[in-house]
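Asker: fold the following for me, if possible:
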Amino acid sequence: MSDQDIRHSAERTRQWSTARRLVNMVENMAETLEGAPSEHELGSHMLGSEFAS
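Answerer: Numbers count the residues shown, from 1 in each chain. Have a look, this model is predicted:
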């Protein structure tokens with residue numbers, strides 16, 4: 001393996017690490033959002049409280 005091959009291999013490894021980190025972030029966000037109320041639920045709660053008075 002030449003020095004250039006090693007550099008390219010290291011760069012690919014870094015890119016995969018970055019990609020995996022981004023995928024993990026998105027998966028964590030999706031899990032967090034699954035437990036949150038939907039926009040529709042939030043909107044109906046807000047409307048309900050406006051007309052309650």
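
Asker: neighbours around L22, how many?
Answerer: When neighbours are counted by other C-beta atoms under 10 Å, L22 registers 10. Any C-beta I mention is one placed from the backbone N, CA and C, and that applies to glycine too.

Asker: same thing with the one 4 residues further on?
Answerer: Around V26 sit 10 other residues, with neighbours defined as other C-beta under 10 Å.

Asker: okay, it: pLDDT?
Answerer: Per-residue confidence for V26 comes out at a pLDDT of 95.

Asker: one more: the one 4 residues further on?
Answerer: Predicted confidence (pLDDT) at A30: the value is 89.

Asker: for the chain, what are the low-confidence residue spans?
Answerer: Counting by pLDDT under 70, the chain contains low-confidence residues at 37-53.

Asker: which parts of it are helices?
Answerer: In order along the chain, the chain carries the following helices (DSSP state H): 3-34, 39-50.

Asker: any idea how far M1 is from R20?
Answerer: R20 sits at a distance of 24 Å from M1 (criterion: C-beta to C-beta, to the nearest Å).

Asker: more neighbours: which of those two?
Answerer: Taking other C-beta under 10 Å, R20 and M1 do not tie; R20 has more neighbours (10 against 7).

Asker: ok, now how distant is L33 from R21?
Answerer: In this structure, L33 and R21 are 19 Å apart, going by C-beta to C-beta.

Asker: D3: neighbour count?
Answerer: Each residue near D3 was counted by other C-beta under 10 Å, and the total is 7.

Asker: equivalent analysis for the one 3 residues further on, please.
Answerer: A count of nearby residues for I6, using other C-beta under 10 Å, gives 10.

Asker: tally of neighbours for T13?
Answerer: Using other C-beta under 10 Å, T13 is surrounded by 10 other residues.

Asker: what do you get for M25?
Answerer: Summarising burial for M25: neighbours were counted as other C-beta under 10 Å, giving 10.

Asker: what do you get for N24?
Answerer: Other residues close to N24 by other C-beta under 10 Å number 10.

Asker: do the same with the one 10 residues further on
Answerer: For E34, the neighbour count with other C-beta under 10 Å is 7.
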